[in-house]
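Asks: All I have is the shape, not the residue letters:
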């Protein structure tokens, strides 16, 4: 399957081409070049997926294929960074997801970004992102993952800051990069620790589940935790940064300053799930070596999910609502991985996580692209500037509704199936976790329908221009994604992806499913009665009853403020300014002081060198006399 | 005489050519042709080196030549190169080449400027090809002295102060170094045998431990001053800030590498036992350099100061990696020298170009330049990304080699220091993005800047050359890193001896 | 009466110390020059006297004295030329005031 290299090279070539000569091309040509090359990559991915999954199983699993692997940089004889392409169920699945969503976004951007300054640059960056993301998922070793991990970070930085004359966009891009960089430091240290003990970067060895690989780490502890726990927890820190887990989530809501299609591609469907993907990739390592870290991951996922869901309920910017919903859904995926086992039905969580990743990518991209169409029409992100759009934008309305139903977990849409599996896995882990996640699922349904009603129903806001349906290039991707959302749930996902690779038959546990559907329906009903007319005063009254709570949730529980305090006051104001002062005044002062001292000393003794010959003669004479007397006395 | 001497001869010939030149056109012809020859020669040396190695030549140093020039102290003009010197020669020639284009419109006294510039190149190239301690030291001094005039005459701002400070501090280092070199010389052979200045010959004997203990710190600090070793780094911000563009490029790009190269080639190679014994002390100092420089860079407002502090941090990492005393980390150190040389030269070139237009280097007085000068802006972003270690550019390869190498030490001390040093990648991201955000993005701060133009053709040559070199190392590091790593081997053998 | 060698030496010693005293204390360049001449001449006397009394048959002392006189004449000429030039330039030959080259 050597041709899979083209899936990576096509976007890379497009990036280089558009980056170097893009400004000389017309917008149309640049867009077509970018879209065509990505379309080709998508087709190749589908072919690869088909070929991979249609190949006969060996010992019940689809054998991983290493299509390419060459040495890129050698550190020591054992430790070398290879660049390669590893095809296994999850990477193939990711190839399909990424190229599909990316293709949709490329198409959609034709309409959305039309006439924007830097259109060519935009397509170049999209290609760069696609390349990096594809490279990340097919990595054969953890260092390759890290390389592409950084590259997606930079593409994300460049795309968030696409409107670089807007200070908010610049600030958001900076924040996104630095927060994820901080997390990546953990990732890097984790890699260093892991590779030191395992003597390799290769996933094949790391995830073999063979305890002897890490024999060197046995019994070694640091600050009371085993070294392996540190290593895997630090790697998870990288994942948490990329996947916006609490408390490293702060960059994602701000990242919405980027163009909306970018938010759909990077900050909803693909890059932010890289963390989930990596945990899944290293799942055997977590499961066999450090199960306690897996529990930690589940707890972090649940906390994040709850936090983000609560915050999403009170946001008024539609992209922010979607951003928090993304964080919350990624939390679901993390929980699923955290509660998962390995063999047979224990591995349900793993499968569910990947399944949810897949369905979520589709419906969340759909939601963002729909939001983009709405923003395009009303020129605002604020809910208050919308309302009553269902008649004016019918296609957007229907597709958005489908996505809302999917994320709320209403059958037969795709989200129902994947979320149901997650809940089943959570209940199997502990009832406590199951109930928590069910409640969060209910909150999800509530805030999504709050969003939906505020946009499409409620009281229409005054508009300067009459909103109208988006052009064809934007609605076609919406329809395609909606179609996928409708049918994706029926994919027998367990046949393709599971923790061990063996077939995991899915059967819906109707006790769990019934419960979750019931909760979702209740939440939707509540949202309907609150927001459908837009005249119900209950939400305002609730807000007035709990002003503190509302305000705290609206300000995201002051996490950003805490970060700002730490970075601006302590790090910048304290450490950096302090060190700069220290350098100028103490270190440099010491040097200048030395020079000053030398100057003063020479001033003090320059009197001896007066230039007066007579004085010299006098001293000379005295010296001679002393010498004479001394010699005589000797 | 062998062809390595051409590295010294070409700049000398360029000086002759300059002396005969009558106008700016002729000066440019001399400089461009000379610099191109140097680049060609450097790549020719690389080709010759690789083919000699491929042919199975396993000598430590290739293309050796020897000429006695001061018999009483047994001082030879001895030359020879290994993979590390070849890499450094390529770096130097590229920076001299781009420096010529960066000072295309030198004013005033262009002829004198380039004369000193060439003399500086003589010193730099001579240093990298020498394998005789004293000749090496002589070239080292030749490289340092012109700096005083180049900054003092052609600089900006507090140039006299900076030039004096830089020269005095570096001379102070030289003084220690001279003592160190003489110390090595007088212990270079066992009792009764003739003393030698030749590095390879000294390496075969071992210097007594008592002498090593004394002279290792002297030599290391002596070279370390030039490599911006904390706390002897303060010449760097002032010096860089006052120096003219191409001098900053050459100084940060190449001269600071003399320090790292010297520490490696003289201090550690000749005194391995003391290096092992005393490395902890210098590791702490360099570890401080790395983090301290990065933190200090975060709050500077002058573009050159930011870059100077960033150099303190990056060069600190070079010395840090050298002191880790293992093959991977040392390879990383050499890669970091290359990478830092190229990207800091790119930074200084771009800063010079921006300064030449806006007449300010204060980031508070600039903003939104990306829209006005997209080429320079994009160049700055690329330099920034290289600096913060983006994969695909040179910084990543170097930093990762350093960190992976340092982490191979199993004890807590080395590991904790590695972690401390690794935090610099986050801080670097902070200050780089801060500058990029303020300087290039956002609204245009000064409306007069709207009338400014983007880079001219000669500026583009300089920027593009450097970017291509940075990307080449970043994308295809294997050959280079193997070449360097192979040449590290003799040092490692010394260490385990 | 016989004139002993000591008498000459006493005179020359007085001359020498007079010269030294003058050299150190005088502030006028010409006076300083005269003091230098005094010292030189005292030394010449010593040469001649030692030759005359200690090595009667030899001539080295006389010749040395002659050389010294010649050299001191030349030196005086140069010194006076310098002094005149200084005077022309700054209208002053007081030693204390001749510090312009220093600053």
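Replies: Yep, it's here. Remember, it's a predicted structure, so these values are computed and weren't measured experimentally.
Asks: give me the low-pLDDT residue ranges for chain B?
Replies: Scanning chain B for pLDDT under 70 picks out B:1.
Asks: Parallel or antiparallel, list what pairs with the longest strand seen in it.
Replies: Longest strand of chain B, by residue count under DSSP state E: strand B:62-70. Sheet pairing for strand B:62-70, assigned by DSSP bridges, gives strand B:75-81 (antiparallel).
Asks: Can you name the secondary structure element that comes next after the partner strand?
Replies: As assigned by DSSP states H and E, the chain's next helix or strand after strand B:75-81 is helix B:83-102.
Asks: can you give me how far that next one is from the chain middle?
Replies: Relative to its parent chain, helix B:83-102 has a centroid offset of 10 Å by CA atoms, centre = their mean, to the nearest Å.
Asks: helices and strands around the next helix or strand after it, which ones?
Replies: Counting by DSSP H and E, the next helix or strand C-terminal to helix B:83-102 is helix B:110-129. Counting by 3 or more CB pairs under 8 Å, 6 or more residues apart in numbering or on different chains; DSSP states H and E, the packing neighbours recorded for helix B:110-129 are helix B:6-20, helix B:24-54, strand B:75-81, helix B:83-102, helix B:133-154, helix B:245-250, helix B:256-262. C-betas here are computed from N, CA, C, even on glycine.
Asks: Name the residues of helix B:110-129 that are buried.
Replies: Going by neighbour count (16 or more other CB atoms under 10 Å in any protein chain shown), the buried part of helix B:110-129 is B:110-111, B:113-129.
Asks: returning to that earlier point: buried residues in the longest strand of chain B, which are they?
Replies: Neighbour-count burial for strand B:62-70, counted by 16+ other CB under 10 Å, picks out B:62-65.
Asks: for stretch B:299-308, same thing?
Replies: Residues of stretch B:299-308 classed as buried: B:299-300, B:302-308 (neighbour count, 16+ other CB under 10 Å).
Asks: ok, which of these also contact chain A?
Replies: Taking CB under 8 Å from any CB of the partner chain, the overlap between those and the neighbourhood of chain A is B:299-300.
Asks: Can you lay out the buried residues of stretch B:299-308 as TSV showing secondary structure?
Replies: Formatted as TSV, the buried residues of stretch B:299-308 follow (DSSP: H, G, I helix; E, B strand; the rest coil):
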residue	secondary structure
B:299	coil
B:300	coil
B:302	strand
B:303	helix
B:304	helix
B:305	helix
B:306	helix
B:307	helix
B:308	helix
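Asks: closest to residue B:282 among the buried residues of stretch B:299-308?
Replies: Using CB to CB, residue B:308 is the member of those that sits closest to residue B:282, with 21.4 Å.
Asks: State the distance from the closest one to residue B:288.
Replies: Residue B:308 sits 17 Å away from residue B:288, going by CB to CB, to the nearest Å.
Asks: Can you tell me which residues in chain A are near chain C?
Replies: A:611-614, A:617-618, A:621.
Asks: Now that residue A:341 has come up, it's in contact with residue A:499, right?
Replies: Yes - using CB atoms under 8 Å, residue A:341 is in contact with residue A:499, at 7.5 Å.
Asks: Have a look at the two and say which one is more surrounded.
Replies: Per other CB atoms under 10 Å in any protein chain shown, whichever of residue A:341 and residue A:499 has more neighbours is residue A:499, with 24 against 18.
Asks: Doesn't the more buried one lie inside a helix?
Replies: No - assigned with three-state DSSP, residue A:499 falls outside any helix and is coil.
Asks: Tell me the residues of chain C that contact chain A?
Replies: Applying CB under 8 Å from any CB, one finds that chain C approaches chain A through C:20, C:23-26, C:32, C:95-96, C:99, C:102.
Asks: Going by neighbour count, which of the residues you listed comes out on top?
Replies: Neighbour counts for those peak at residue C:32, which has 23 neighbours (criterion: other CB under 10 Å).
Asks: now residue A:52: how far from residue A:447?
Replies: Note on residue A:52: its distance to residue A:447, by CB to CB, is 38 Å.
Asks: now do residue A:521
Replies: Using CB to CB, residue A:521 is found at 15 Å from residue A:447.
Asks: and if you look at residue B:199?
Replies: Relative to residue A:447, and taking CB to CB, residue B:199 is found at 71 Å.
Asks: quick one, helices of the stretch 501-634 of chain A?
Replies: Secondary structure of the stretch 501-634 of chain A (DSSP state H, counting those that start in this stretch): helices located at A:510-531, A:538-545, A:547-554, A:559-564, A:577-581, A:588-605, A:613-633.
Asks: Identify each buried residue in the fourth one, please.
Replies: Judged by neighbour count (16+ other CB under 10 Å), helix A:559-564 contains these buried residues: A:559, A:563.
Asks: who's in contact with it?
Replies: A:246-247, A:249-250, A:555 (CB atoms under 8 Å, 6 or more residues apart in numbering or on different chains).
Asks: May I see the residues you listed organised as a markdown table, with distance to chain B and neighbour count added?
Replies: Formatted as a markdown table, the contacts of helix A:559-564 follow (distance: CB to the nearest CB, whole Å; neighbours: other CB atoms under 10 Å in any protein chain shown):
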| residue | distance to chain B | neighbour count |
| --- | --- | --- |
| A:246 | 20 | 20 |
| A:247 | 16 | 14 |
| A:249 | 18 | 27 |
| A:250 | 15 | 19 |
| A:555 | 24 | 13 |
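Asks: So which of those sits lowest on pLDDT?
Replies: Confidence by pLDDT is poorest for residue A:555 among the contacts of helix A:559-564, given 79.
Asks: ok, now how distant is the residue of the stretch 451-600 of chain A found nearest chain C from residue B:164?
Replies: With CB to the nearest CB, the shortest gap between the stretch 451-600 of chain A and chain C falls at residue A:599, namely 16.3 Å. Distance from residue A:599 to residue B:164, counting by CB to CB: 12 Å.
Asks: remind me which residues of chain C are low pLDDT?
Replies: Low-confidence segments of chain C, defined by pLDDT under 70: C:1, C:102-103.
Asks: element containing the residue nearest to the spatial centre of it, please.
Replies: Nearest residue to the geometric centre of chain C (CA atoms, centre = their mean): residue C:37, 2.1 Å. According to DSSP H and E, residue C:37 maps onto helix C:29-54.
Asks: How far off centre is that helix?
Replies: Mean C-alpha position of helix C:29-54 versus that of the full chain (CA atoms, centre = their mean) differs by 6 Å.
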